[in-house]
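*Asks:* structure, please.
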Amino acid sequence: MLRPDPPLITDPICVGLRSISSPRFHGFVHRLATGGAGWLHPLGLARCISHEVLSMRRPLVSIIFFCLFACSEFSWAAPVSDPLLERLVGNWMLRGTIAGKQTTHDVVTEWFLDHQYLRIHETSREKNSKGQAQYEAVVLIGWDEVASEYQCLWLDTTGGGGLTAQGIAQGKRSGDAIPFVFHDRDGSISFNNTFSYDKVNDSWSWHMDNVQNGKAIPFGRVQLTRQ
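*Replies:* The predicted structure follows:
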């Protein structure tokens, strides 16, 4: 005596396959609808459908195993471990001179994306005519293991176009300082921003210069103290 297979609807894979645009499965259904599969007893129909589904299950299972193997072979980067950057994590008050004007900003720094990047969110306390922060910036700092240097992406409200090579600076650590260097399209230096850590006072300073024809012109001198 033939034993009926479990109903199609109770099989999770069958349910999933019915939502897949499978030419083979659709062709089989079309043959049933047009009489091409011949007359079938309900029990025989159930077995026939189960056979079609099982025959499609094999390649599906193969794909699943391939994906699992590929994921297991993929190597994830280890979280960045940098004692100097760790000193920059926290809430800060930035005070000093930028573009010849005294200013005060709030700065929040934290790790994100699995401790791969340091994110700095800077907002000025000065407001514009709309009541919004007159200046705001999002800065991302990462570590390039191959080049053994830091990278810095600086995006702010002074203008768009920051997602270019000119918006990303490189910097090699020098003691407790990281001099970030931005370049123009022709490769010449356009701007310097040196982050320096003061161990005694647990504070930071940012020393910013525009560079014109190889000459540094002071742009900003600010201090960051913990809040």
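*Asks:* got the domain ranges for the chain?
*Replies:* The chain resolves into domains spanning 8-73, 83-226 when parsed by automatic domain parsing.
*Asks:* SS state for Gly187?
*Replies:* coil (DSSP: H, G, I helix; E, B strand; the rest coil).
*Asks:* and Asn201, how far from Ile178?
*Replies:* Counting by C-beta to C-beta, to the nearest Å, the gap from Asn201 to Ile178 is 18 Å. C-beta here means a position set from N, CA and C on the backbone, and glycine is covered the same way.
*Asks:* quick revisit: just give me the lowest mean pLDDT stretch among the domains of the chain.
*Replies:* For the domains of the chain, the weakest mean pLDDT is recorded on domain 8-73, namely a mean of 50.
*Asks:* hang on, Gln166 in a strand?
*Replies:* No. Counting by three-state DSSP, Gln166 is not found in a strand; it is helix.
*Asks:* report the beta-bridge partners for Lys101.
*Replies:* On the basis of DSSP bridges, Lys101 is bridged to Ile98.
*Asks:* for the chain, which segments count as helices?
*Replies:* Counting by DSSP state H, the chain has helices at residues 12-18, 23-33, 42-73, 83-86.
*Asks:* show me what contacts the nearest residue to Asp156 once chain neighbours are set aside?
*Replies:* Leaving aside its sequence neighbours, Asp156 sits nearest to Ala137 (C-beta to C-beta, 6 or more residues apart in numbering; 3.7 Å). If you count contacts by C-beta atoms under 8 Å, 6 or more residues apart in numbering, Ala137 has them with 120-123, 154-157.
*Asks:* which residues does Ala137 bridge with?
*Replies:* Beta-bridge pairing of Ala137 under DSSP bridges involves Glu122, Asp156.
*Asks:* how close does it sit to Gly175?
*Replies:* Ala137 is 25 Å from Gly175, by C-beta to C-beta.
*Asks:* endpoints of stretch 114-134, how far apart?
*Replies:* With C-alpha to C-alpha, to the nearest Å as the measure, the first residue of stretch 114-134 is 31 Å from its last.
*Asks:* should've said stretch 152-171
*Replies:* End-to-end distance for stretch 152-171: 8 Å, by C-alpha to C-alpha.
*Asks:* repeat for stretch 129-149
*Replies:* End-to-end distance of stretch 129-149 (C-alpha to C-alpha): 40 Å.
*Asks:* list the buried residues in stretch 92-111.
*Replies:* For stretch 92-111, a neighbour-count test (16 or more other C-beta atoms under 10 Å) marks 92, 94, 96, 98, 103, 105, 107, 109, 111 as buried.
*Asks:* need these in a markdown table with distance to Phe219, can you?
*Replies:* Below are the buried residues of stretch 92-111 laid out as a markdown table (distance: C-beta to C-beta, whole Å):
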| residue | distance to Phe219 |
| --- | --- |
| Trp92 | 20 |
| Leu94 | 14 |
| Gly96 | 11 |
| Ile98 | 7 |
| Thr103 | 12 |
| His105 | 15 |
| Val107 | 18 |
| Thr109 | 21 |
| Trp111 | 28 |
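*Asks:* right, I'll leave it there.
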